[in-house]
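1. Output the structure for:
(one chain, ligands or ions: 1)
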Amino acid sequence: MSNNDAQAAETHEFQAEVRQLLDLMIHSLYSNREIFLRELVSNAADAADRLRFEAIQDESLLEDDPKPRVSIQVDADARTLTISDNGVGMNREDVIDNLGTIARSGTRRFLDAMTGDQKQDAQLIGQFGVGFYSAFIVADSVSVHTRRAGESADQGVLWRSDGKGAFTLEQAPREQRGTAVTLHLAEGQDEFLERQRLRQIVRRYSDHIALPIELEDEQGEMETVNQASALWMRPKSEISDEDYQQFYQQLTYDPEPPLEWLHNKVEGNQSYTSLLYIPAQRPFDLFEADTQQGLRLYVRRVFIMEDRENRLLPRYLRFVRGLVDSDDLPLNVSRELLQHNRLIDRIRSASVKRVLDSLERMARDDAERYARFWSSFGTVLKEGPVEDPGNAEKVAGLLRFHSTHGDGGQTVSLADYLARRHEGQTAIYYLTGESLAAVRNSPHLEIFRQRDIEVLLLAEPIDEWLVAHLSEYDGVPLQSVAKGDLNLDGLGDSPEEKPEQPETSEPVDALIGRIREALGDQVSEVRASSRLTDSPACIVVGDDEFGLNMQRMLKAAGHELPQQKPVLEINPQHSIIERLAASDDAPIDEWATLLLEQSVLMDGGRLDDPAGFVRRMNRLLD
Ligand SMILES: Nc1ncnc2c1ncn2[C@@H]1O[C@H](COP(=O)(O)OP(=O)(O)OP(=O)(O)O)[C@@H](O)[C@H]1O
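-> Below you'll find the model as predicted:
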């Protein structure tokens, strides 16, 4: 492509990460190398979509070539494969920015996330947007000839690289707007010169791209090889499960089939179509602030934007993939407009309802599938009652928790819990903590175990926020077993073993008084416990106070907390307490501190002075 007008080619070094990426990619993706075509076709289609979008404002960009297309040409003698589009194209700066650097933060994470497992890494590549470089898996050199729509032919740019560390850039006039990517195939890659093979790859990965992908045959005739229609616009009756699944894969690159899809056409004075998928597996970036998840918004088949700001669905449903295609939004809809749009609000609330209803159905009809859903996305769903109070009860019905019921493996719903609560039980009991093991072994559960009253065990950080916002379910309040004055009022099995008021004796009362004195203002109160059966003491916080786990989380997040002093509860029946009460010369100061310290530890807390604790314990053991 030499040209007299062309400047001498300039050489640019790739950013260091690009070189690293190229190396890794060539080695780890070799067995999946056909995906390079998917990546290049998808870039070409994106470029066509972007042009369509820009042309809404400025029709002249379409020049005299308004019909978007992607074409693939093979030159067997030259051993080249060319993917071209008539999309937006790139100017010189775009080329340098896009094809020489890894500008996007996702790419560094891709490098970190590479597992060495070829299948998984191949899947990652699309999600991270490092697609273009995959051309070097099969090519020993690649050239990109491109011109930005709206600029003159002499603004064409030619980029060339052998993928070894540098690329060259020169001016190269181009009549046709858009981009042509030409791969010179490496030794042994002849299969990608075969049209049958190319056809098959396009159908596998790009069948549902909504514009025609054409392949040039031996006679130079163009043949459209994909379906080239927007799947979501076809009548449901004509779409097979396989079509839906394939479309999902093309949209997300997720190799796992989705658990569910919801395809709805809404007609009337405001019409739109939505196709929503509930994936089976959790994507790598679900909990990252700049997650790539989100629905795609189309207006009359024109791709407008990815809904990164969670306007179409709230954040707690960000695992849902798919699209909304509106007939009534203006084509030039902006992000700002989306923030305040009644139609969007309506689409959003209807979509939330569809997703929640479908999850309810899944939970009811197919427990196994729901369990898969829950293990992938349960944690995200728990954000629901906090973010969307209007649907809190509905979301709460979908939540699953570990509990003291059964052997510990399974999870229970709040409805299950209520169905087997004891007669007269007026609260849903729960305990939060740092880990499942810690909550399961907490002394707070002792009396509940003895009476066979079920307690929900909450060990995820989000659980603290959840219970702070979900105060009741089906009219029954949730209550922490580690807070306040416990009053089980003869509830549960064998209540006779434990009277409502803890039974103390005079010496124990006196001991409690001495412990109170010894601990001074480290505690707000010392009292006899009705919670404990096996442990000598435990810590309790007030009903209106933050639980200990929540206090730790808030402190870790840098919050100043008002000084809160816990209550120390003593088990009057415990042998240590009985012995201390009977003894005249036991060092009560030491024992009081030790009881407080061990209660803090059992609650998953940290001691201010761990060495002091160990010395104290050794002295008492000595
Ligand atoms: N055919 C093309 N026309 C116009 N721009 C392109 C074309 N191919 C690539 N680009 C530009 O180069 C950038 C980098 O492409 P690359 O395939 O590496 O990542 P991506 O397309 O952004 O991400 P993903 O692969 O996830 O879609 C693109 O974002 C786009 O701006």
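2. What are the contacting residues of stretch 389-399?
-> Stretch 389-399 is contacted by residues 316, 352, 356, 359-360, 363, 378, 381-382, 384-385, 388, 413-415, 466, 469-470, 473-474 when judged by C-beta atoms under 8 Å, 6 or more residues apart in numbering. Any C-beta I mention is one placed from the backbone N, CA and C, and that applies to glycine too.
3. low-scoring stretches of the chain, by residue?
-> Within the chain, the segments meeting pLDDT under 70 span 1-7, 102-110, 116, 118-119, 121-130, 289-293, 489-490, 492-501.
4. Output the set of residues of it in proximity to the ligand.
-> By C-beta under 6 Å from any ligand atom, the residues of the chain that approach the ligand are 39, 42-44, 47, 85, 87-90, 98-99, 126, 129-132, 179.
5. So in terms of bridging, what pairs with the closest residue to A396 other than its chain neighbours?
-> Closest residue in space to A396, ignoring its immediate chain neighbours: Y473 at 5.1 Å, by C-beta to C-beta, 6 or more residues apart in numbering. Counting by DSSP bridges, Y473 forms beta bridges with V476.
6. Y473 reaches L414, doesn't it?
-> Yes: using C-beta atoms under 8 Å, Y473 is in contact with L414, at 4.5 Å.
7. who's in contact with F319?
-> I278, P279, R282, P283, L286, Q293, S376, F377, V380.
8. any idea how far it is from P385?
-> 17 Å (C-beta to C-beta, to the nearest Å).
9. how about Q479, secondary structure?
-> Under DSSP: H, G, I helix; E, B strand; the rest coil, the three-state class of Q479 is strand.
10. quick one: the closest residue in space to it that isn't next to it in sequence and T593, what's the gap?
-> The shortest distance from Q479 to any non-neighbouring residue, by C-beta to C-beta, 6+ apart, is to A427 (3.9 Å). Here A427 is placed at a distance of 33 Å from T593 (C-beta to C-beta).
11. Tell me how many other residues crowd S271.
-> 13 (other C-beta atoms under 10 Å).
12. Look at the closest residue to it other than its chain neighbours and say how many residues are nearby.
-> Spatially, and ignoring its direct neighbours in sequence, S271 is nearest to D327 (4.4 Å; C-beta to C-beta, 6+ apart). Counted with other C-beta under 10 Å, the neighbours of D327 add up to 15.
13. so D327 sits right up against V266, yeah?
-> No: contact status for D327 versus V266: not in contact, 9.5 Å apart, counting by C-beta under 8 Å.
14. I'd assumed I447 was in a strand, is it?
-> No: I447 is assigned helix when assessed by three-state DSSP, not a strand.
15. which residues touch it?
-> Residues in contact with I447 (C-beta under 8 Å, 6+ apart) are L486, L488, K498, S530, R531, L532, T533.
16. about what we covered before: out of the contacts of stretch 389-399, which sit inside helices?
-> Residues from these lying in helices, with DSSP state H as the criterion: 352, 356, 359-360, 363, 378, 381, 384-385, 414-415, 466, 469.
17. any idea how far the residue of the stretch 351-500 of the chain found nearest the ligand is from F284?
-> Per C-beta to the nearest ligand atom, the residue of the stretch 351-500 of the chain with the smallest distance to the ligand is S376, at 21.9 Å. Taking C-beta to C-beta as the measure, S376 falls 12 Å from F284.
18. Check R514 too.
-> 57 Å.
19. Please apply the same query to N43.
-> For N43, the distance to F284 - C-beta to C-beta - is 22 Å.
20. which residues of the stretch 301-450 of the chain fall in strands?
-> In the stretch 301-450 of the chain, the segments counted as strands under DSSP state E, counting those that start in this stretch are 302-306, 321-326, 402-403, 428-432.
21. Tell me, how many residues neighbour Q196?
-> 9.
22. In PDB, list the C-alpha atoms belonging to the helix or strand where it lies.
-> Element membership of Q196, judged by DSSP states H and E, is helix 195-206. The C-alpha coordinates for helix 195-206 follow below in PDB (Å, rounded to 0.1, in the frame of the first residue of the first chain):
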ATOM      1  CA  ARG A 195     -14.500 -20.600   3.200                       C
ATOM      2  CA  GLN A 196     -16.300 -23.500   4.700                       C
ATOM      3  CA  ARG A 197     -14.400 -23.200   7.900                       C
ATOM      4  CA  LEU A 198     -14.900 -19.400   8.000                       C
ATOM      5  CA  ARG A 199     -18.600 -19.800   7.400                       C
ATOM      6  CA  GLN A 200     -18.800 -22.300  10.200                       C
ATOM      7  CA  ILE A 201     -17.000 -20.000  12.700                       C
ATOM      8  CA  VAL A 202     -19.200 -17.000  11.800                       C
ATOM      9  CA  ARG A 203     -22.300 -19.100  12.300                       C
ATOM     10  CA  ARG A 204     -21.100 -20.400  15.600                       C
ATOM     11  CA  TYR A 205     -20.100 -17.100  17.100                       C
ATOM     12  CA  SER A 206     -21.700 -14.300  15.100                       C
END
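23. same for the helix or strand just after it, what does it pack against?
-> Remark: after helix 195-206, the chain's next helix or strand is strand 213-216, criterion DSSP H and E. On a contact count with 3 or more C-beta pairs under 8 Å, 6 or more residues apart in numbering; DSSP states H and E, strand 213-216 meets strand 70-75, helix 195-206, strand 222-224.
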